[in-house]
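>>> what shape does this take:
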Amino acid sequence: MKKQRRELSPGVWTVLILVLALGCWEAVAAGGHINEFFFSRPSHLWQEFQEMVASGMMAKHLSTTLQEAGLGLLFGGVLGTLAGLALGLFPRVSRALMPLMTGLNGLPKLALGPLFIIWFGLGLQSKVLISALMVFFVFAFNLYAGVRNVDPQLVGAVRLLGGSRRQILQKVLWPACLPWVLTSLRTGLGLSLSGAIVGEYLGSTRGMGWLLSSAGDSFNTQRVLCCVLVLVVIIILLDGVLHLVEKHLLRWQ
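A predicted model of the protein is given here:
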């Protein structure tokens, strides 16, 4: 009997690459080949993480940022999905509005951040709006492309069978656009988190953005790198969850 070849899953490869990178980093730092003041080392970052968790600092700031990013992803995703469907269903409206939306999407979101801080203050609202703005256009453009890529013959066949516009939207367009929604969700995950952190950088008293800004101002490289790695791990874990949801929802394909 031939031996079956066992391949490692992508998740295991990700963990192995991460462990290897951290091991090389630790070895190079321990050998004195890099300046620890600028680059620190994984063992010190782990100690910093433990201290931040024990003091409650990590939970306090991380929960604030995740709340802002989650609300931004929710509002930006829902509004972007509705806008993309509307633009796809009404070509005349899309021809008039798409150039305007393209121009607005080209604006640097960082330039609009101070306006949101002025209009809505330093609280939760301004951070959620910045985060939602980062996500909105991703959903809008993807859903517009999803609607336009639906086979017109399929829509025509359902219409000939007596299907209403609501039934066409529910039975044809939405299932066809679902992969675009999930792709937008995975892309918007990182963008919503970036928007929340940008808002905290511009003006806040708590959150991971504020923590990164405060640590950078005091040249605390160890804390900056610790926060960055925590955010990277969280995004990887959330993306993994969304990947499982995507496989479940799209199993009919």
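
>>> just the mean pLDDT for stretch 121-133, thanks.
The average pLDDT within stretch 121-133 is 86.

>>> can you list the buried residues in it?
For stretch 121-133, the neighbour count (16 or more other CB atoms under 10 Å) marks 124, 126, 127, 128, 129, 130, 131, 132, 133 as buried. All C-beta atoms are positioned from the backbone trio N, CA, C, and that covers glycine.

>>> just the pLDDT at residue 46, thanks.
90.

>>> list phi and psi for residue 151.
phi -60, psi 120 (degrees, to the nearest 10).

>>> model confidence for it, exactly?
73.

>>> what separation do you get for it and residue 158?
Relative to residue 158, residue 151 is positioned 11 Å away (CB to CB, to the nearest Å).

>>> then residue 198?
The gap separating residue 198 from residue 158 is 44 Å, by CB to CB.

>>> got it, and residue 103?
Using CB to CB, we find residue 103 at a distance of 35 Å from residue 158.

>>> higher neighbour count, these two?
residue 158 (16 against 9; other CB atoms under 10 Å).

>>> pull the helix or strand encompassing that one out as PDB, backbone CA atoms only.
Using DSSP states H and E, the element containing residue 158 is helix 152-160. Output in PDB follows, covering the C-alpha atoms of helix 152-160 (Å, rounded to 0.1, in the frame of the first residue of the first chain):
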ATOM      1  CA  PRO A 152     -28.800  39.000 -17.300                       C
ATOM      2  CA  GLN A 153     -30.300  35.800 -18.900                       C
ATOM      3  CA  LEU A 154     -30.900  34.400 -15.400                       C
ATOM      4  CA  VAL A 155     -32.600  37.500 -14.300                       C
ATOM      5  CA  GLY A 156     -34.700  37.500 -17.400                       C
ATOM      6  CA  ALA A 157     -35.700  33.900 -17.000                       C
ATOM      7  CA  VAL A 158     -36.900  34.600 -13.400                       C
ATOM      8  CA  ARG A 159     -38.800  37.600 -14.600                       C
ATOM      9  CA  LEU A 160     -40.500  35.600 -17.400                       C
END
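
>>> please compute how far it lies from its chain's middle.
The chain centre lies 35 Å from the centre of helix 152-160; the measure is CA atoms, centre = their mean, to the nearest Å.

>>> list the helices and strands it packs on?
helix 165-168 (3 or more CB pairs under 8 Å, 6 or more residues apart in numbering; DSSP states H and E).

>>> mean confidence for the helix it packs on?
On average, helix 165-168 scores 73.

>>> in the helix or strand harbouring residue 77, which residues are buried?
Residue 77 belongs to helix 57-89 when assigned by DSSP H and E. For helix 57-89, a neighbour-count test (16+ other CB under 10 Å) marks 58, 61-62, 64-66, 68-73, 75-77, 79-81, 83-89 as buried.

>>> I'd like to know which elements it is packed against.
Helices and strands touching helix 57-89, by 3+ CB pairs under 8 Å, 6+ apart, are helix 42-55, helix 91-106, helix 124-148, helix 174-202, helix 208-217, helix 221-249.

>>> most tightly packed of those?
Neighbour counts (mean count of other CB atoms under 10 Å) averaged over each of the helices and strands packed on helix 57-89 peak at helix 124-148, with a mean of 24.

>>> tilt between that one and helix 91-106?
Helix 124-148 runs at 140 degrees relative to helix 91-106, counting by axes from the mean of the first three to the mean of the last three CA atoms, to 10 degrees.

>>> quick one, helix 124-148 and helix 174-202 angle?
150 degrees.

>>> list the helices and strands helix 124-148 packs on?
Short answer (3+ CB pairs under 8 Å, 6+ apart): helix 124-148 packs on helix 57-89, helix 91-106, helix 109-120, helix 174-202.
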